[in-house]
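Q: What follows is a predicted structure for the sequence shown.
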Amino acid sequence: MLHKQSSAFTLIEMLIALAIFSVVSLAAGTLLYQAIEAQRVASEYGDRMIDLERGIARLSRDLLQYVPREVRDELGDFTNSLIISPNEIEFTRRGWANPADHARSDLQRVRYFVEGEALQRQYWEILDRAPDTQARTMSLAKNVASVTFEPITESQVLRGDTHVSVAEELEPALGVRIIMQVSGIGEFARVIDLPQEAPVGEGAGDQSPGDDDANEEELAAPSGEVQPGAISI
């Protein structure tokens, strides 16, 4: 009687098959991990960009509403309408919404700076401050390591460079260059043109349509007064 030959895999064939399966599984797992990690990084980058754009949009909107109105500080001395230093900017802007019809101006004094790796917006409820006037601060964008503000003058535009001489620091600013170092993104720069208006006298504040500042009092926390050491433009 003839016996049929067995068609089972040999031990060597089984080991080779397992080795191939292990290599393919490892490669597939690596590709899957890289895809998940790439999606996570892209999502995190997108969230940071949205957060940054939101903060920049608020700063840009304020600068586009700049008005040359000097204010009095806590000691009663006049402070220039626009103060630009390397790491902060303070200025007067119009368009402060007043839906509750409070007895106040639609002009507002604001200050931007970086603290705790976040872009901060500070404002005062009155323009000409008293010694006990409290400032309110709200955080706009996270992961901001540093910010630099540079004035753009007519002399710079004519020369076509960004250097500002000592004499040109006294020139009126035509715009502001904003440079931010953002964690996970790198350097982020933007130039904002300033409106060129005639100076506004003390006590002025015509009512005009405002922006979305109506609820900022609820979002901002009181903070101490800050004396800016800055270059006046």
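A: Noted; the coordinates are in hand.

Q: Does residue 65 touch residue 92 like I think?
A: No - counting by C-beta atoms under 8 Å, residue 65 does not reach residue 92; the two are 9.3 Å apart. No exception for glycine: its C-beta is placed from N, CA and C like everyone else's.

Q: quick one: residue 145 from residue 48, how far?
A: Here residue 145 is placed at a distance of 12 Å from residue 48 (C-beta to C-beta, to the nearest Å).

Q: When these two are compared, which one has more neighbours?
A: When neighbours are counted by other C-beta atoms under 10 Å, residue 145 and residue 48 differ, and residue 48 comes out ahead with 18 against 10.

Q: pretty sure the more buried one is touching residue 182, no?
A: Yes - assessed by C-beta under 8 Å, residue 48 is found in contact with residue 182 at 6.8 Å.

Q: shared neighbours of those two, anything?
A: Common neighbours of residue 48 and residue 182, using C-beta atoms under 8 Å, 6 or more residues apart in numbering, are residue 143.

Q: Residue 37: how many residues sit nearby?
A: Using other C-beta under 10 Å, the number of residues around residue 37 comes to 10.

Q: State the next helix or strand along the chain beyond the helix or strand hosting it.
A: Using DSSP states H and E, residue 37 sits in helix 11-64. Sequence-wise, the next helix or strand downstream of helix 11-64 (DSSP H and E) is strand 71-72.

Q: Identify the residues contacting that next one?
A: With contact meaning C-beta under 8 Å, 6+ apart, strand 71-72 is reached by 78, 79, 81, 92, 109, 127, 128, 129, 202.

Q: Once you drop chain neighbours, what's closest to residue 142?
A: For residue 142, ignoring the flanking residues on the chain, the nearest one in space by C-beta to C-beta, 6 or more residues apart in numbering is residue 118 at 5.2 Å.

Q: again, but for residue 74
A: residue 131 (4.9 Å).

Q: Is that neighbour in a helix, a strand, or coil?
A: Secondary structure state of residue 131, per DSSP: H, G, I helix; E, B strand; the rest coil, is coil.

Q: so where's the chain shaky on pLDDT?
A: Applying pLDDT under 70 to the chain flags the ranges 1-8, 155-171, 197-233.

Q: What ranges does it have for its helices?
A: For the chain, the helices defined by DSSP state H cover 11-64, 154-159, 216-219.

Q: re the thing from before, and the helix holding residue 37, what other elements does it pack with?
A: strand 88-93, strand 108-114, strand 118-124, strand 135-142, strand 175-182, strand 186-193 (3 or more C-beta pairs under 8 Å, 6 or more residues apart in numbering; DSSP states H and E).

Q: Thanks again, I'm all set now.
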